[in-house]
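Enquirer: fold the following, please.
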Amino acid sequence: MQQANETDPMDQAKAWLDQGRGVAVATVVSTWGSSPRPVGSQLVVAEDGSFTGSVSGGCIEGAVVTEAIDAIVTGEPRLMEFGVTDAMAWEVGLACGGRVEVFVERFEP
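Expert: Below you'll find the model as predicted:
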């Protein structure tokens, strides 16, 4: 996985689409307690694992990128939830005391 240069995530998504690459968008749709990014934060992912934007400040982004690539391939959206009571959240590093839900879908303008 490689993070693209920082630009507006949706502008980057459109540029990748124009290059013929598959793209997914991950959006923070809900938070509770302490969370690294606010609702509406976005991460866009290209089919090769390149990404830009942020949904977590890094602590869960690896898991989100993996799911985004799967969403590009299958076309199936998914809702991911991370929190301190979730074993996966501890595994990926979300120990900040909050909860975050991230909606991931293939980007098709």
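
Enquirer: shaky segments in the protein?
Expert: Applying pLDDT under 70 to the chain flags residues 1-6, 58-59, 84-97.

Enquirer: what about the helices in it?
Expert: For the chain, the helices defined by DSSP state H occupy 9-18, 61-74, 87-92.

Enquirer: could these go into a markdown table alongside distance to residue 25 and mean neighbour count?
Expert: From N, CA and C alone the C-beta is placed, and that goes for glycine too. Shown next, in a markdown table, are those (distance: least, C-beta to C-beta, whole Å; neighbours: other C-beta atoms under 10 Å):
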| stretch | distance to residue 25 | mean neighbour count |
| --- | --- | --- |
| helix 9-18 | 6 | 17 |
| helix 61-74 | 8 | 19 |
| helix 87-92 | 20 | 14 |
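
Enquirer: show me what the longest strand seen in the chain packs onto, helices and strands only.
Expert: Criterion DSSP state E: the longest strand present in the chain is strand 23-32. Applying 3 or more C-beta pairs under 8 Å, 6 or more residues apart in numbering; DSSP states H and E, one finds that strand 23-32 contacts helix 9-18, strand 42-46, helix 61-74, strand 99-106.
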